[in-house]
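Visitor: Dropping the sequence and predicted coords here.
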2 protein chains.
Amino acid sequence: MAGLVSIPRPSLERLPVYYRVLLQCRDAGMQYVSSKELGKRAGFDNAQVRKDLNHIWSGGRPGLGYEIDKLAACLADFLGLCNATDAVLVGAGRLGTALAGYPGFAGYGLNIVAVFDADPAKIGGTLCASPILPATKLANLIERLGIRMGIITVPAQSAQAIADTMIAAGVRAIWNFAPICLQVPENVLVRNEDLAAGLATLSYYLKEKGPVSDSAKGESVVGQSDTQAFHG
Amino acid sequence: MAGLVSIPRPSLERLPVYYRVLLQCRDAGMQYVSSKELGKRAGFDNAQVRKDLNHIWSGGRPGLGYEIDKLAACLADFLGLCNATDAVLVGAGRLGTALAGYPGFAGYGLNIVAVFDADPAKIGGTLCASPILPATKLANLIERLGIRMGIITVPAQSAQAIADTMIAAGVRAIWNFAPICLQVPENVLVRNEDLAAGLATLSYYLKEKGPVSDSAKGESVVGQSDTQAFHG
DNA sequence: TAGATTGTTAATCGATTAACAATC
DNA sequence: TAGATTGTTAATCGATTAACAATC
């Protein structure tokens, strides 16, 4: 199943934001939402909202808007949030700990089946209900359970080796929090979550603004970009 | 100082990646690097590298490439990484803890001066050398120290109120990890680091790929995008 | 010199925005 | 019905890619 619908990346990045807003609207007791309202809450233009949604659903009703329940279900299905995705996490440091216990992932179908670390002192313990295993067992477990997603929260210098091991064992998508650009084969997807890089763009903005005023200028740092919304 | 150079957002997002690669090259003993090599390591096209760099520096030498030391210094200056930026962090949970102690920020001039939390049990303690203060003192401290950057790692339902307090007290840039789209005035910059949203795009990719093969198709999820590099 | 690589212009590509007839 | 809002097309805008003379 799951139509092999093609969608531009910028649109794809906005879909989860719409999804979240829809859940909020539903919690607020709303039944329908217009592209205008949805756009306002998500931070995007209303025409863009309609265009994005039309990539996956054309069930909006003129004059009324979108039925929240149906659209949310449609988005969840499209994004693959319904059936849980098993994943392994490597690196039981502070960031790994935070991710393993992040409540926000629950609704997104992420299931961390095991956590790995190279530190003997950590092995044998548990991290938010996941056992901490030695990194030497990583490949074996991925193969045995057919895991296709890996999360990397190790220091930069270990990241490439971990990625290589994951890929050789069958992982197809890597969520990388190590500050390094991983080299991977064509058929493996890497999403770099480079926190320091994000920080740098904020620093740039503050520097440009200068220590005092907020006068004119600054257009260069204004705009929308994927999951990150900027208001300058 | 600090030229008010305008630069497209996609270029701005790539600059920190170049910067990081340059440091790695320097550590490896290199003195010059070509746009081709830099692009390969950063995951971008060589023409794009030249175009991006020319927004901030035209010191490349035909036949040789870019002098690493000079280019790195130029990037650090442009991004505002040289002079430390004071920031407050609100939310001493797991994610807040991870960020407060993240070693990767050291070289990016981030200085977390205080951590805030609403939980009385946490107040009075310290988090990675920063004192944990009650949220009621947030506004006062921001004003007293002239803080301009705030980091939000509280649950979604508290995030908007914290943001409002920060902004009223003088914060101009917010790094938001709460899964919600903050409503802020025009002159305040928000960078949403929506981890669950990022996860959703990976889930989509795995779903599209199907549980088995990696045959054809999948172009829809391939491409480069800001700090996130995808290889599909 | 010959080979390599830059800075920059032109061509291509794709995404956003505007507009509006169709429809609830 | 009148007002609101959709889906979609056309127009605008901006970013990426290709190409190449200039230059080390």
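Guide: That came in fine, so what should we check first? Bear in mind that the values here come from a model prediction, so they are computed numbers and not experimental data.

Visitor: Every contact and neighbour count from this point should use C-alpha atoms.
Guide: OK.

Visitor: name the helices or strands packed onto the longest helix seen in chain A?
Guide: In chain A, taking DSSP state H as the definition, the longest helix is helix A:9-27. Secondary-structure packing of helix A:9-27 (3 or more C-alpha pairs under 8 Å, 6 or more residues apart in numbering or on different chains; DSSP states H and E): helix A:35-42, helix A:46-54, helix A:68-79, helix B:195-209.

Visitor: Give me the residues contacting the longest one.
Guide: In other words, helix B:195-209. A:2, A:4, A:12-13, A:16-17, A:78-81, A:85, A:104-105, A:108, A:148, A:172-173, A:175, A:189, A:191, A:227, B:177, B:179, B:218, B:221 (C-alpha atoms under 8 Å, 6 or more residues apart in numbering or on different chains).

Visitor: Quick check: residues of chain A near DNA strand C?
Guide: Within chain A, the positions near DNA strand C by C-alpha under 7 Å from any atom of the strand are A:8-11, A:44-45, A:47-48, A:51, A:61-64, A:225.

Visitor: restrict those residues to contacts with DNA strand D.
Guide: Checking the residues of chain A next to DNA strand C against DNA strand D (C-alpha under 7 Å from any atom of the strand), the matches are A:47, A:51, A:61-64.

Visitor: pLDDT of the lengthiest strand in chain A, averaged?
Guide: Longest strand of chain A, by residue count under DSSP state E: strand A:110-117. The average pLDDT within strand A:110-117 is 95.

Visitor: how big is the angle separating that strand from helix B:195-209?
Guide: On the basis of axes from the mean of the first three to the mean of the last three C-alpha atoms, to 10 degrees, strand A:110-117 is oriented at 100 degrees to helix B:195-209.

Visitor: Can you verify my assumption that A:Leu38 contacts A:Tyr19?
Guide: No: A:Leu38 lies out of contact with A:Tyr19 (C-alpha atoms under 8 Å); the separation is 9.9 Å.

Visitor: Report how many residues lie close to A:Leu89.
Guide: If you count neighbours by other C-alpha atoms under 10 Å in any protein chain shown, A:Leu89 ends up with 26.

Visitor: quick one: secondary structure of it?
Guide: Secondary structure for A:Leu89, judged by DSSP: H, G, I helix; E, B strand; the rest coil, is strand.

Visitor: Now A:Ala168. Nearest residue, chain neighbours left out?
Guide: Of all residues not flanking A:Ala168 in the chain, A:Ala139 sits nearest, at 7.8 Å (C-alpha to C-alpha, 6 or more residues apart in numbering or on different chains).

Visitor: For that neighbour, which residues are in contact?
Guide: Residues in contact with A:Ala139 (C-alpha under 8 Å, 6+ apart) are A:165-166, A:168-169.

Visitor: ends of stretch A:81-93, how far apart?
Guide: Stretch A:81-93 has its terminal residues 27 Å apart, counting by C-alpha to C-alpha, to the nearest Å.

Visitor: just stretch A:60-69 next, same as before
Guide: By C-alpha to C-alpha, one end of stretch A:60-69 lies 12 Å from the other end.
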